[in-house]
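Peer 1: Please find the sequence and the predicted model below.
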Amino acid sequence: MKGVLKIGGVLLGALLLLVLAIAVRAATWKPPVPPPAAHVAPPVEVDVAGAARHLSEAIRFRTVSNQDASKNDWSQWDRFHDWLRTAYPHANAAMTRQDLGRTLIWTWKGSDPSLKPMVLMAHQDVVPVEVETLGRWRHAPFSGEIAEGAVWGRGSVDDKGSLIGLMETADALAAKGFKPRRTIMIVSGHDEEVLGSGARAAAAWFKAQNITPEFVLDEGMLALGHDPLNNKPIAPIGISEKGYATLRITAHGKGGHSSAPPDETAVQVLAKAVDRIASDRFPLRFDGPGADMVRVLAADANPTTRALIANDWLFGGLIARKMGAVPAAGATLRTTIAPTVLEGSPKENVLPQTATALINYRLHPRDTLASVMARARRDVRGLDVELAWNPNAAEASPVASTRSEAWRVLSTLAAQETAARPAPSLFNGATDARHMSLVTRDIYRFQPIRIEAAEIEMFHGVNEHMSLENLKRAVGFYERLMLTEGDPR
């Protein structure tokens with residue numbers, strides 16, 4: 001009996017110590033302290049009407065990237081490039097333009113060659129508009145109509161809005177006689193929507209020219225009016241983006257007529273392989289850039305949430321599961337697996353000798369192409385299938401610094417222009433910027449506009465539009481950035 005009481009006393013003591021440790025850590029824990037705000041250029045006057053007119057004109061060029069490039073109307077890009085010359089005479093007089101095919105690189109040479117250049121990116125192409133959705137557009141998708149306090153059309157936000165913002169800024173500053181100390185470079189890929197061969201060529205050009213940027217800024221995250229934790233404005237800045245890879249599974253079987261099928265067809269083998277791989281989901285782990293964002297948001301969280309985050313050594317799994325209930329949040333904590341394409345027989349009564357499937361992965365920075373492939377191979381052990389990556393498979397990008405001067409400037413401007421709390425985050429999509437990891441580690445993904453969560457549906461969807469307020473934010477952000485970083489003190 002004494003032994004039982006002694007064990008019970010030890011367990012009770014251990015439990016009390018655990019509770020005490022949790023309470024002390026919760027009481028003393030503080031969210032990550034952001035670096036001091038940077039000294040940035042003051043707010044500027046923006047010619048919103050002029051910017052809106054130019055964005056409207058830019059939308060009318062149908063620079064639509066199709067998966068099959070032979071369907072592209074390349075004359076639209078050529079006409080758009082000519083328009084960029086005439087619409088921004090001061091910018092083009094101050095900068096040199098390098099044409100890498102249809103990808104464009106502008107260079108505004110700085111007066112101090114010891115300073116590494118900053119690189120600002122925005123792509124020219126847009127996704128197609130599905131014919132069946134045309135009736136749901138409030139304003140025609142390539143009209144560029146200015147109405148209801150916004151510029152409407154495909155590409156208004158993704159991503160001609162950013163490109164026009166950059167060119168408006170460069171043109172306005174050049175007209176005022178601004179001469180940067182730090183070289184400013186604008187890179188505009190022509191085919192970002194189909195995985196960016198243009199940006200890859202641009203990165204190779206930077207490498208060949210031995211140009212190492214101080215930092216790169218591209219599209220990606222944007223400010224939201226309400227964050228999921230505290231219902232307050234947040235400006236997440238992507239410090240890394242997930243890798244992109246598509247796994248091709250090829251299953252083999254006996255062909256022939258479907259009237260006399262074998263015990264197992266190629267389609268059945270394929271189905272087993274897809275199910276095994278897709279069911280073996282990567283674990284949710286509360287770490288990396290996605291967790292960093294939550295830790296920053298904890299500054300405004302309620303006491304219970306703060307206690308959980310303060311003790312993530314114990315409750316990390318619980319937090320990760322809670323985030324995992326929201327697909328977009330869970331995706332920041334793990335590699336995702338999405339079967340997307342199945343191909344078998346071309347005829348309903350013919351048994352195919354091979355059947356194929358495509359599974360799209362978005363790799364978390366903790367995983368690699370090699371480790372993901374090894375996991376898939378283990379999953380399909382014993383099945384007659386072949387696994388291979390489709391072309392353009394890419395690792396997750398390096399994680400950029402949140403202690404650099406570039407981060408200080410970008411986060412300070414993001415906070416001021418969008419009236420939202422800046423926080424590091426992981427971008428779940430793919431941008432042209434990922435190719436620039438060939439020449440620099442500090443790559444940031446942030447579009448200086450603010451929307452509500454419901455408006456995210458317009459990306460690649462219907463009724464895409466850039467509000468005049470957001471256009472003003474974007475031009476103001478880019479001008480202050482060029483003034484700050486282009487003339488560092």
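Peer 2: Right, received. Where do you want to start? Not measured: the values here are computed from a predicted model.

Peer 1: So what's the residue count around Ala328?
Peer 2: For Ala328, the number of neighbouring residues by other CB atoms under 10 Å comes to 11. The way it works is simple: take the backbone N, C-alpha and C, and place the C-beta from them, glycine included.

Peer 1: Identify each buried residue in stretch 233-250, please.
Peer 2: For stretch 233-250, burial by neighbour count (16 or more other CB atoms under 10 Å) applies to 233-247, 249-250.

Peer 1: One more: stretch 400-414?
Peer 2: Neighbour counts over stretch 400-414 (16+ other CB under 10 Å) mark 400-402, 404, 406-414 as buried.

Peer 1: Pull the residues that contact that stretch.
Peer 2: 34-38, 40, 118, 214-215, 217, 223, 235, 237, 239-240, 292, 420, 422, 424, 441-444, 446, 448, 477, 480-481, 484-485 (CB atoms under 8 Å, 6 or more residues apart in numbering).

Peer 1: which of the residues you listed are buried?
Peer 2: 34, 38, 40, 118, 214-215, 217, 223, 235, 237, 239-240, 292, 420, 422, 424, 441-444, 446, 448, 477, 480-481, 484-485.

Peer 1: Restricted to helices, list these.
Peer 2: Among the buried ones among the contacts of stretch 400-414, DSSP state H puts Asp292, Phe477, Arg480, Leu481, Thr484, Glu485 in helices.

Peer 1: Pull the most distant pair out of the residues you listed.
Peer 2: Asp292 and Arg480 (25.2 Å; CB to CB).

Peer 1: My read is that Val126 contacts Phe61, right?
Peer 2: No. Under the criterion of CB atoms under 8 Å, Val126 makes no contact with Phe61, lying 9.3 Å away.

Peer 1: Below-threshold pLDDT in this structure: ranges please.
Peer 2: 1-27, 489 (pLDDT under 70).

Peer 1: Can you give me the domain assignment for it?
Peer 2: What the record gives for the chain is the domain set 48-241+397-486, 243-389, from automatic domain parsing.

Peer 1: What I need now is those domains written out in TSV, including distance to Trp29 for each item.
Peer 2: Formatted as TSV, those follow (distance: least, CB to CB, whole Å):
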stretch	distance to Trp29
domain 48-241+397-486	16
domain 243-389	3
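
Peer 1: Return the most buried member of these.
Peer 2: Across those, averaging neighbours per residue (mean count of other CB atoms under 10 Å) puts domain 48-241+397-486 on top, at a mean of 20.

Peer 1: now Arg85, what's its secondary structure?
Peer 2: helix (DSSP: H, G, I helix; E, B strand; the rest coil).

Peer 1: And the residue nearest to it when sequence neighbours are not counted, its phi and psi?
Peer 2: In space, and not counting its chain neighbours, Arg85 is closest to Asn92: 5.4 Å by CB to CB, 6 or more residues apart in numbering. Per-residue torsions, Asn92: phi -70, psi -20 (degrees, to the nearest 10).

Peer 1: Repeat that for the one 4 residues further on.
Peer 2: The phi and psi torsions at Thr96 (degrees, to the nearest 10) take the values phi -90, psi 150.

Peer 1: what's the spacing between the residue nearest to it when sequence neighbours are not counted and Leu100?
Peer 2: Leaving aside its chain neighbours, Thr96 sits nearest to Thr107 (5.1 Å; criterion: CB to CB, 6+ apart). Between Thr107 and Leu100 the distance is 13 Å, computed by CB to CB, to the nearest Å.

Peer 1: Over to Thr169?
Peer 2: Applying CB to CB to Thr169 and Leu100 gives a distance of 22 Å.

Peer 1: Which elements pack onto the helix or strand hosting Arg248?
Peer 2: Using DSSP states H and E, the element containing Arg248 is strand 243-252. In terms of contacts (3 or more CB pairs under 8 Å, 6 or more residues apart in numbering; DSSP states H and E), strand 243-252 is packed against helix 266-279, strand 354-363, helix 369-379, strand 385-389.

Peer 1: Determine which of these approaches Ala430 most closely.
Peer 2: Taking CB to CB, strand 354-363 is the member of the helices and strands packed on strand 243-252 nearest to Ala430, at 8.1 Å.

Peer 1: Just want the angle from that closest one to strand 385-389.
Peer 2: Comparing the axes of strand 354-363 and strand 385-389 via axes from the mean of the first three to the mean of the last three CA atoms, to 10 degrees yields an angle of 40 degrees.

Peer 1: residues contacting the nearest residue to Ser56 once chain neighbours are set aside?
Peer 2: In space, and not counting its chain neighbours, Ser56 is closest to Gly144: 3.5 Å by CB to CB, 6+ apart. Gly144 is in contact with Leu55, Ser56, Glu57, Ala58, Ile59, Arg60, Val151, Trp152, Gly153, Ser156, counting by CB under 8 Å, 6+ apart.

Peer 1: likewise Phe80?
Peer 2: Ala58, Phe61, Thr63, Gln124.

Peer 1: same check, this time on Ala388
Peer 2: Leu247, Arg248, Thr250.

Peer 1: Each with direction, which strands does whichever strand or helix holds the residue nearest to Thr96 pair with?
Peer 2: Thr107 is located in strand 103-108, with elements delineated by DSSP H and E. Note on strand 103-108: by DSSP bridges, its sheet partners are strand 96-100 (antiparallel), strand 184-188 (antiparallel).

Peer 1: hmm, back to that, of the domains of the chain, which approaches Lys30 most closely?
Peer 2: Across these, closest to Lys30 is domain 243-389 (CB to CB), at 8.3 Å.

Peer 1: so how far is the closest one from its chain's centroid?
Peer 2: Counting by CA atoms, centre = their mean, to the nearest Å, domain 243-389 is centred 19 Å from the centre of its parent chain.

Peer 1: what about the helices in the stretch 51-200 of the chain?
Peer 2: 74-87, 89-94, 160-175, 197-208 (DSSP state H, counting those that start in this stretch).

Peer 1: how about those in JSON lines, adding distance to Pro283?
Peer 2: Output for the helices of the stretch 51-200 of the chain, formatted as JSON lines (distance: least, CB to CB, whole Å):
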{"stretch": "helix 74-87", "distance to Pro283": "44"}
{"stretch": "helix 89-94", "distance to Pro283": "49"}
{"stretch": "helix 160-175", "distance to Pro283": "35"}
{"stretch": "helix 197-208", "distance to Pro283": "32"}
